[in-house]
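> Build the 3D model from these lines:
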Amino acid sequence: MRRRRPMKRRARSQAEPMSASAPSNGRYRRVLLKLSGEALMGDRPYGVDPEVTRTIAAQLAEAREQGIQVALVVGGGNIFRGLAAAARGMDRATSDYMGMLATVMNGLALQDALEQVGCPTRVMSAIAMNEVCEPYIRRRAERHLEKGRVIIMVAGTGNPYFTTDTAATLRAVEVHAEVILKATRVDGVYDADPELHPEATRYSKIGYTQLLADRLGALDATAVSLAMDNEMPIVVFDMTRSGNILRAIQGEPIGTLIAGEVTQ
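Take a look at the predicted model:
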């Protein structure tokens, strides 16, 4: 009778949940970067500025070379903003789907910029469109990250009435990112709109409940609530300053940290 070979122990997945605390040695291992569509415009009134995408790609490629796993969620406001169209009378679900398609175009632009600097990239869509990108499957996304590929997750959650901030938080929780890095044109969260109130004070840290209670508008309430329920920290920072995306990915203390029940 043939003896059965002992079964090999299965290696632990590198995609096991990671701590959502501050990065060890000043660096994260896996991050989710949320880019607004407007961030891709540069000085243009609409669309994508290739110079901006090249700048972003260079920083992401450097982070990847340092062993940091990077996932992106991108918005579509530079092409079409669903909420604004709904306010002008368009059906909200229809306008939101159009906004999701705009995020796919932005994702493809970022993929092209990343591949031009030699960075392996996958675009994963919550809405099936197999001719241009992969469907979003959580385990496949984690596997891409483990293999050192940058993944760009587009089409939001695939459902209307949810913002890309909420999509970013959902995807960060799903792929076990350590932090959400929200890249904006403002250097953090303020107690008032700094463009309208120059005397506004910037927070270095703020708690989820205070952010919600004061309605500060850095992220929508659904995204903040989801982050709070899953203890997912969020860093809001200014991406227009040279090198800030890489600094945020490396864990440098820039912008505003949203986490726990802390205040400045």
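
> what's the distance between Thr184 and Ile245?
Per C-beta to C-beta, to the nearest Å, Thr184 is found 11 Å from Ile245. C-beta coordinates here come from the backbone N, C-alpha and C atoms, glycine included.

> Looking at those two, which has the bigger crowd around it?
Between Thr184 and Ile245, counted using other C-beta atoms under 10 Å, the more crowded position is Ile245 (25 against 19).

> And the top helix by length along the chain, what's buried?
Counting residues, the longest helix in the chain under DSSP state H turns out to be helix 92-116. By 16 or more other C-beta atoms under 10 Å, the buried positions in helix 92-116 come out as 95-111, 113-114.

> and what of stretch 139-150?
For stretch 139-150, by 16+ other C-beta under 10 Å, it's Ala141, Glu142, Arg143, His144, Leu145, Arg149, Val150.

> Packing partners of whichever strand or helix holds the first one?
Going back to what we said before, that points to Ala141. Taking DSSP states H and E as the criterion, Ala141 maps to helix 138-146. The contact analysis (3 or more C-beta pairs under 8 Å, 6 or more residues apart in numbering; DSSP states H and E) places helix 138-146 against strand 69-74, strand 121-125, strand 150-154, helix 164-174.

> Reformat the ones you listed as JSON lines; add mean pLDDT.
Formatted as JSON lines, these follow (pLDDT from 0 to 100):
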{"stretch": "strand 69-74", "mean pLDDT": "97"}
{"stretch": "strand 121-125", "mean pLDDT": "98"}
{"stretch": "strand 150-154", "mean pLDDT": "98"}
{"stretch": "helix 164-174", "mean pLDDT": "97"}
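
> ok but Arg31 is inside a helix, no?
To be clear, residue 31 is Val; Arg isn't right here. No: secondary structure of Val31 (DSSP: H, G, I helix; E, B strand; the rest coil): strand, not part of a helix.

> Strands along the protein, start to end?
Using DSSP state E, the strands of the chain run over 30-35, 69-74, 121-125, 134-135, 150-154, 179-184, 189-190, 202-203, 205-206, 234-238, 256-258.

> Next, format these as a markdown table and append distance to Pro45.
What follows is the strands of the chain, written out as a markdown table (distance: least, C-beta to C-beta, whole Å):
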| stretch | distance to Pro45 |
| --- | --- |
| strand 30-35 | 18 |
| strand 69-74 | 19 |
| strand 121-125 | 25 |
| strand 134-135 | 32 |
| strand 150-154 | 23 |
| strand 179-184 | 19 |
| strand 189-190 | 26 |
| strand 202-203 | 28 |
| strand 205-206 | 32 |
| strand 234-238 | 21 |
| strand 256-258 | 28 |
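
> between these, which gets nearest to Ala172?
strand 30-35 (4.0 Å; C-beta to C-beta).
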